[in-house]
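Undergrad: my questions are about this predicted structure, shown below with the sequence.
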Amino acid sequence: MACLRAGPCDERGLTIMVTITYRPVVLLCLLACTILVPCVFVRAEPPAAAPILCLETGNHLGPIYGLAVDANGKYVVTSGEDKTVRVWQIRGDFSDPPSEDQGDAAKLVPVGVLRPPIGDGLEGRLAVVAISPDGATVACSGQTGFQWDASFSVYIFDRATGRMIHRLTGFNNTVNNLHFSPDGKYLAFGGTFGIHAYRTSDWALVGADDTGGEYCIASAFAPQTAGGPIRIATTGCDGFVRLCSVTSNGLAVVAKKKAPGGSAAGLAFSPDGSRLLVGYDDAVRVDVLSGTDLSTMLTPSTAGLRQVSLFNVCWSKDGKYIFAGPAWTDGHNNLRRWNVSSDDYADLDTGAHRVTNVVTLPHGGIAYVTDPAAIGVWCEDRKYVLSSAAPDLRHAQDELRLGASPGSVSFGYNNAGDDPASFSLAARAVTLGSAPDSFSPAVTSAPGLDIQNWKASNSRPTLNGQPLKIGDGQPAHAVAIAPDHQSLVIGAGALCCFGADGKLKWAAETPMAVWAVNVTADGKLAVAALGDGTIRWYRMSDGKELLALFPDADKKQWIAWTPSGYYDCSAGSDHLLGFHFNNGKDQAADFVPVSKFRDQLNRPDIVAKILMTLDEAQAVKQADAGAGHPYRPLAIVDR
């Protein structure tokens, strides 16, 4: 468990503005909040009405963390770092092979996107999602509402219409777990405030438990038996597992016991409610406890696992198997499956994708989500995977190379640079295959500049033995030294530029973590590859973003755009980008593709000039002059 506290501005006006408590995987990947950003004073104002540029590919971009399924096994909902909730419909039976013409996608069909209000940086990133048993209502939360309320919110949506029907707010920290009761009468969620239960008929608080004195890490409702009470299990930072009853009169603790294996961080009841599966945040261990008195019944073997935690847990529909992840062994990411009667186990390979959540499917099998974005199903030893449309730019430092002309860059569509390709802004094309030898990798070492701990180390990167201030808890993934050796850029939760003396020059907020960086030969531009699959160009003088490129994972489509939304793209690819319009705190946002404004924004001439002028306004002026008409500043895009 890690806790980040707000601090005052330093002499450069830089600080961490929020307090976030999260288990490590979410701390490192979802809420990349420990970055040095300009000091922001929270004001009680509505979300910004100005349009926000967003990618829209039909799937998540970046890590997915939230996952839930309705009681009938018809709808799956997911949420993640890209600030959207996505609704999927299960069609058919996963025990049947996928159709030859559509493959895995035929089983899980996208049917909706729920859009809460979002803001700059972290605001709007979603950690948890829940769906009511009847599939009608969806709740989500994460880094939600702090930017304008100085407190966090839970958003409630009507699944069918996408309309926000309620907002619960005033929480002093992010919500870490979120569930509807089996009868749909209650919504419970936890955080530093303990566990709260709300009545879904009028969204009134019916009970809370903060007897743990600290953060509620996880929770899980027990299946309801005829005439039996509604029960919920919780874990806390004090190391205890609690079993509580929930009624219209409140929430009461009925059993309490120390978790036998350490910091319990994942919970799942067996289908009959008689057993409780516990996963851990700080140990490669799972335990099966009694669902009534919390006594230990089974501790399955974790032989061969090298992961430091197993906190995502669930049962099979028939109660014969338990699952836990992320389980890393023999160089692979896995889910481990145990037979609870024999303790036999098998490791289910999830490839290059790290499991971030897992749930039981009512009709058989389990569903899981991953980082980077993928949704998977295991059913009768058959795996189905629906992956993101974004390239996987993780561990791509060696493959992010730059050509001589502005906007020429090489990358790989898959992790660590596999499936290489290059993009030329001048040629307006993606070319598959390895880049020419003339393309230059980043310079990562130079005389007098000893940079250490920049390859996903748990330690803070250092320059000549002095720590660089990129933010506590955020590993660095990449470094590039400018040609004059007087500055360098570090890729982490943000893009940070330092002088040769180790002093921070600027920190550019990025939509997701930076996995690779480079600097152009003239030293004027920093180029970064991000976790959302984009490659972005930043002005080295001040960190101003100038251009973004998204090469679709289909290896055909691409779109490049400026901060104002001027774009160039391959034929028919302007559906990949659009504007998010907030509608206040209590309403769902709208999304409008840039294609609606094609006449105004489709400006390849502007895009072609921006990396040469290093200024969007100048690029517009030169492009307008070249087109033979007066300079026309962009009017505010309006729906």
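TA: Cool, got the structure.
Undergrad: so where's the stretch 401-550 of the chain shaky on pLDDT?
TA: 472-473 (pLDDT under 70).
Undergrad: relative to the whole chain's centre, how far out is stretch 190-206?
TA: Computed by CA atoms, centre = their mean, to the nearest Å, the chain-centroid distance of stretch 190-206 equals 25 Å.
Undergrad: just the C-alphas of that stretch, formatted as CSV.
TA: Once non-C-alpha atoms are left out, stretch 190-206 reads as follows in CSV (Å, rounded to 0.1, in the frame of the first residue of the first chain):
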residue,chain,number,x,y,z
GLY,A,190,-14.6,1.9,-0.3
GLY,A,191,-11.6,4.1,0.1
THR,A,192,-9.8,6.0,2.9
PHE,A,193,-13.3,6.8,4.2
GLY,A,194,-13.9,3.1,4.9
ILE,A,195,-16.8,1.3,3.2
HIS,A,196,-20.1,3.1,2.4
ALA,A,197,-23.4,1.6,1.3
TYR,A,198,-26.0,3.5,-0.5
ARG,A,199,-29.6,2.6,-1.3
THR,A,200,-30.1,2.6,-5.1
SER,A,201,-33.8,3.6,-4.9
ASP,A,202,-33.0,7.1,-3.8
TRP,A,203,-29.1,7.0,-3.5
ALA,A,204,-29.3,7.7,0.2
LEU,A,205,-26.5,6.6,2.5
VAL,A,206,-27.7,3.7,4.6
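Undergrad: for it, buried residues please.
TA: Of all the residues in stretch 190-206, those buried under the rule 16 or more other CB atoms under 10 Å are G190, G191, T192, F193, G194, I195, H196, A197, Y198, R199, T200, V206. For every residue, glycine as well, the C-beta is placed using N, CA and C.
Undergrad: can you lay out those residues as CSV showing pLDDT?
TA: Formatted as CSV, the buried residues of stretch 190-206 follow (pLDDT from 0 to 100):
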residue, pLDDT
G190, 93
G191, 91
T192, 88
F193, 88
G194, 90
I195, 93
H196, 94
A197, 96
Y198, 97
R199, 97
T200, 98
V206, 95
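Undergrad: what's F439 in contact with, if anything?
TA: Shown in contact with F439 (CB atoms under 8 Å, 6 or more residues apart in numbering): R401, L402, G403, S408, V409, S410, S422.
Undergrad: can you pull the contacts of the residue lying closest to it once chain neighbours are set aside?
TA: Leaving out its chain neighbours, the residue that sits closest to F439 by CB to CB, 6 or more residues apart in numbering is R401, at 3.9 Å. Contact partners of R401, counting by CB under 8 Å, 6+ apart, are V409, S410, A435, F439, S440, P441, A442, N518.
Undergrad: can you pull up the most central residue in this protein?
TA: Central residue of the chain (CA atoms, centre = their mean): E81, 2.5 Å from the mean position.
Undergrad: quick check: closest non-adjacent residue to that one.
TA: Leaving aside its sequence neighbours, E81 sits nearest to G62 (CB to CB, 6+ apart; 4.2 Å).
Undergrad: pretty sure the one you found contacts P372?
TA: Yes - assessed by CB atoms under 8 Å, G62 is found in contact with P372 at 6.6 Å.
Undergrad: strands of the stretch 201-350 of the chain, start to end?
TA: Ranges of strands within the stretch 201-350 of the chain are 204-209, 216-221, 230-236, 240-247, 250-258, 264-269, 275-280, 286-290, 296-298, 312-315, 321-329, 332-339, 345-351, based on DSSP state E, counting those that start in this stretch.
Undergrad: nearest to A619, out of those strands?
TA: Across the strands of the stretch 201-350 of the chain, A619 has its closest neighbour in strand 345-351 (41.2 Å, CB to CB).
Undergrad: sheet partners, orientation included, of the closest one?
TA: Here strand 345-351 has these sheet partners by DSSP bridges: strand 332-339 (antiparallel).
Undergrad: what separates the partner strand from the chain centre, distance-wise?
TA: How far strand 332-339 lies from its chain's middle: 23 Å, per CA atoms, centre = their mean.
Undergrad: so it versus strand 321-329, what angle?
TA: 150 degrees (axes from the mean of the first three to the mean of the last three CA atoms, to 10 degrees).
Undergrad: quick one: which of the buried residues of stretch 190-206 is nearest to K505?
TA: Closest approach to K505 among those (CB to CB): T192, at 35.0 Å.
Undergrad: the closest one reaches F152, doesn't it?
TA: No - between T192 and F152 there is no contact under CB under 8 Å: 10.0 Å.
Undergrad: identify the contacts common to those two.
TA: Here T192 and F152 share the contacting residues N172, N173, scored by CB under 8 Å, 6+ apart.
Undergrad: give me the mean pLDDT for the longest helix seen in the chain.
TA: The longest helix of the chain (DSSP state H) is helix 616-627. The average of the pLDDT scores along helix 616-627 is 93.
Undergrad: roughly how far is it from the heart of the chain?
TA: Counting by CA atoms, centre = their mean, helix 616-627 comes out at 37 Å from the chain centroid.
Undergrad: restricting to C-alpha, output it in CSV.
TA: C-alpha atoms of helix 616-627 as CSV (Å, rounded to 0.1, in the frame of the first residue of the first chain):
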residue,chain,number,x,y,z
GLU,A,616,0.9,26.6,-34.3
ALA,A,617,-0.2,30.2,-35.0
GLN,A,618,2.8,30.7,-37.3
ALA,A,619,2.0,27.4,-39.1
VAL,A,620,-1.5,28.6,-39.7
LYS,A,621,-0.4,32.0,-41.1
GLN,A,622,2.1,30.4,-43.5
ALA,A,623,-0.4,27.8,-44.6
ASP,A,624,-3.1,30.4,-45.2
ALA,A,625,-0.6,32.6,-47.1
GLY,A,626,0.4,29.7,-49.3
ALA,A,627,-3.3,29.0,-50.0
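Undergrad: near T78, how many other residues are there?
TA: 24 (other CB atoms under 10 Å).
Undergrad: so what pLDDT did it get?
TA: For T78, the pLDDT comes out at 98.
Undergrad: so who does it touch?
TA: Applying CB under 8 Å, 6+ apart to T78 gives the contacts H60, I64, G66, L67, V85, R86, W88, V129, V369, I375.
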